[in-house]
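> Predicted model and sequence below, questions to follow.
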Amino acid sequence: MADLKFQRNFGIAAHIDAGKTTTTERILRYTGMIHKIGEVHDGAATTDWMEQEKERGITITSAAVSCQWNFPTVLGKVTPDTQKYSFNIIDTPGHVDFTVEVERSMRVLDGLIALFSAVDGVEPQSETVWRQANRYKVPRIGFVNKMDRAGADFLMVVQQVKDMLGAKAVPLQLPIGAEDNFTGVVDLIKMKGIIWHMETEGMTFDEIPVPDDMKEDVAFWRQNLIEAVAEYDEALLEKFFDNPDTISEDEVHEAIRKACIDLSIVPMMCGSSFKNKGVQTALDAVCRYLPSPIDLEDTVGTDPETGKEITRKPDAKAPFAALAFKIMTDPFVGRLAFFRCYSGHLDAGSYVLNVRSGKKERISRIMKMFANKQNPIDFIEAGDIAAAVGFKEIKTGDTLCDENHPITLENMFIPEPVIAIAVEPKTQADVEKMGMAIAKLVEEDPTLRVNTDEDTGQTILRGMGELHLEIIIDRMRREFKVEVNQGAPQVAYKESFGNTITHREVLKKQSGGRGKFADIQFDFGPADEEWMKENEGKSFQFVNDLFGGSIPKEFVPAILKGFETSMGTGVLAGYPVNNMKVRVFDGSYHDVDSDAMSFELCAKSAFREAGRKAKPTLLEPIMKVEVLTPDQYMGDVTGDLNRRRGMLEGMDSRANLQVIKAKVPLSEMFGYVTQLRSLSSGRATSTMEFSHYNPAPSNIAEEVIAKSKGKVKIEE
């Protein structure tokens, strides 16, 4: 049984292009898992294995890798005290469209290296990642990357982490030089400088005394460090005031560790992953300061039967409990379910209970993942992360547990999709393949939703952004060999009537032998408001006020059916009718020529004739929009909403952000997410949901009606 003290499950997260994948590649090199460093810009990075990632030079899907690190070492050399630490690392995407990959990784990780660019500092997606880490209370270390770049400023980034993220950022190092002159760091705990050797890819380094020109700065920031951690250890503070020289390195490390796990401070380090500087000291910090599975509180879940709270200890002897956080389809082994084991022991080939479905699942094989490669293992124990093969229906967020000890673990937050496109298969051969491809992609990605628009018959894919949907379409083509046509979804307009009129319709077709005859008189117009409130979701109010047998009872359902069928194709532009009332009060019939079909055809004809006279109106869907934006973009965002015919309904503030609420027509909202990002440098976010239908302005209505002319088939 592995000693969980030496296990670390951590992720690397940051804004796009801060160097996450480059850093992961260096970690794999230094831990001996790869023997040649692959660069992102060459499409050769280990964790960017998808074709789309290689082409674009971005991370799209979170990749898990496992490795081991020797710690502590003296100048990189193993000593009798050296322990092998086991790492499970997840490299996450930085693009906001793939934010769910970060979300589900945060849910199962114990710690995080939060990367920042030394030039750009705290960027918009850094804020999003930080909020996600706060949601799951993940302890983190800050690593300021790209110290070799022009404009690099370590202390500026430390200040931004304090000001913009509200974190107590405490530097543990100071850079020796910057930009082209960045050669190493001064360790504020050891009070020594570290200079990496370029010729060994940073594998070896020298320790040097603190450079003379830095002594003043080093003394100031050393004092800052001790004061920050002394809140956790008063003995440390007393020693600092009495005689700072008596403080041991171990005492400082222990205090930082406690404060880091408690989320009270964020230790800040720096380096340049691309130039192979600083990554090893960051790995040492992972071992020193980030928690092992046993350093965190016991996992809390609920009893699926009673709803009572249950806890599970990170112990291999406890009942098995795990959370499936990602589903992936592999061309060779089929579906893989990534899961984090919180307690217990699971052998390959054994059964687990899926609490959501209430069914037993056989886990035929367990795999240790190394990006897209699988290494079979015999079992998994508490504190580890692996992938399961051979299951039937595990979904993202499912709890897997011992069937005799059921528990439901907290699920993860899944953001709502914000953009949609319509897709259709290019050929008949693609019809079935498209359905299967979409089903698999939706299973993998909980932010991808699919529905069929009842009004247009289109298959609508909804996702987190244009890049997200572009990648999905690309994957359908490459992985599933499905060719699709795509386009913006049509706005589902509706029609209604403004006036109530009285109308008489007579159908008379008599040409020898049996003919057709029907005669109905009725009031025709919009449904009553009271009736609409009481019958939410219905749109046709039919009142039978016939008297004296003017029309036999058996023909009334045919009249009802005739009007109801006609509502699907309005008289203006062929859109469905939103609400309508018909009150039939008189009519006549013929003993021989009248039948149900005659009255149904008469009602259909009556709908078209009466509909043209009852002031038909085109209705457009109005969306409820909420935008969260920093203060400085308020004017631009509200101005843009006004241009989109938006009605502003109110503003308030929430956690240093302004919240703008508005009602905006759906037809004006296509491409809005992209526009909002460019207006706010990616820092504003928006949510949108359907509110109601409103009459479209005459110019919009005329345009829509003109487009529809000649396309709508009127049923005769």
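Perfect, I can see it now. Numbering: from 1, shown residues only.
> Could you use CA atoms for every contact and neighbour count after this?
Will do.
> Tell me the buried residues in the lowest-mean-pLDDT helix or strand in the chain?
Lowest on mean pLDDT, DSSP states H and E among the helices and strands of the chain sits helix 51-56, with a mean of 74. When burial is assessed from 16 or more other CA atoms under 10 Å, helix 51-56 yields the following buried residues: Gln52, Glu53, Lys54.
> Sort out which one of these lies nearest Gln521 for me.
Distance ranking of those against Gln521, using CA to CA, places Gln52 first at 64.5 Å.
> hang on, the earlier thing: to the chain's geometric centre, what's the distance from the least confident helix or strand of the chain?
Taking CA atoms, centre = their mean, to the nearest Å, one finds helix 51-56 lying 20 Å from the centre of the chain it belongs to.
> Just the CA atoms of the next helix or strand after that helix, as PDB, please.
Later in the chain than helix 51-56, the nearest helix or strand by DSSP states H and E is strand 63-74. Only the C-alpha atoms of strand 63-74 are listed here, as PDB (Å, rounded to 0.1, in the frame of the first residue of the first chain):
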ATOM      1  CA  ALA A  63      -4.700  15.800 -20.100                       C
ATOM      2  CA  ALA A  64      -3.600  13.700 -17.100                       C
ATOM      3  CA  VAL A  65       0.000  12.400 -16.600                       C
ATOM      4  CA  SER A  66       1.700  10.600 -13.800                       C
ATOM      5  CA  CYS A  67       5.300  10.800 -12.700                       C
ATOM      6  CA  GLN A  68       7.700  10.700  -9.700                       C
ATOM      7  CA  TRP A  69      10.000  13.300  -8.200                       C
ATOM      8  CA  ASN A  70      12.900  12.800  -5.900                       C
ATOM      9  CA  PHE A  71      12.700  15.200  -2.900                       C
ATOM     10  CA  PRO A  72      14.600  16.500  -1.000                       C
ATOM     11  CA  THR A  73      17.900  16.500  -3.000                       C
ATOM     12  CA  VAL A  74      21.100  18.300  -2.500                       C
END
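> quick one: strands adjacent to strand 63-74?
Taking DSSP bridges as the criterion, strand 63-74 forms sheet pairs with strand 77-91 (antiparallel).
> Now for the residue nearest to Ile195 when sequence neighbours are not counted, how many residues are close by?
In space, and not counting its chain neighbours, Ile195 is closest to Gly184: 4.5 Å by CA to CA, 6 or more residues apart in numbering. Other residues near Gly184 come to 26 when the count uses other CA atoms under 10 Å.
> do you know how far the residue nearest to Glu444 when sequence neighbours are not counted is from Phe480?
Closest residue in space to Glu444, ignoring its immediate chain neighbours: Ile327 at 4.8 Å, by CA to CA, 6+ apart. Distance of Ile327 to Phe480, given as CA to CA, to the nearest Å: 17 Å.
> And the pLDDT at Pro124?
At Pro124, the model reports a pLDDT of 64.
> switch to numbering from 421
Sure, I'll start counting at 421 from here, so that last one is Pro544.
> Who are the contact partners of the residue nearest to Pro739 when sequence neighbours are not counted?
Leaving aside its chain neighbours, Pro739 sits nearest to Gly764 (4.9 Å; criterion: CA to CA, 6+ apart). Counting by CA atoms under 8 Å, 6 or more residues apart in numbering, Gly764 touches Pro734, Asp735, Ala736, Lys737, Ala738, Pro739, Phe740, Ala741, Glu801, Ala802.
> Tell me the most packed of the residues you listed, by neighbour count.
Ala741 (31 neighbours).
> residues in contact with it?
With CA under 8 Å, 6+ apart, Ala741 has these contacts: Arg732, Cys761, Tyr762, Ser763, Gly764, Thr819, Leu820, Cys821, Asp822, Ile827.
> Surely Ala589 and Gln580 touch.
No. Using CA atoms under 8 Å, Ala589 is not in contact with Gln580; the gap is 9.1 Å.
> what about these two, which has more around it?
Of the pair Ala589 and Gln580, Ala589 is the one with more neighbours under other CA under 10 Å, namely 24 against 16.
> re earlier: under a three-state scheme, what state does the residue nearest to Glu864 occupy?
strand (DSSP: H, G, I helix; E, B strand; the rest coil).
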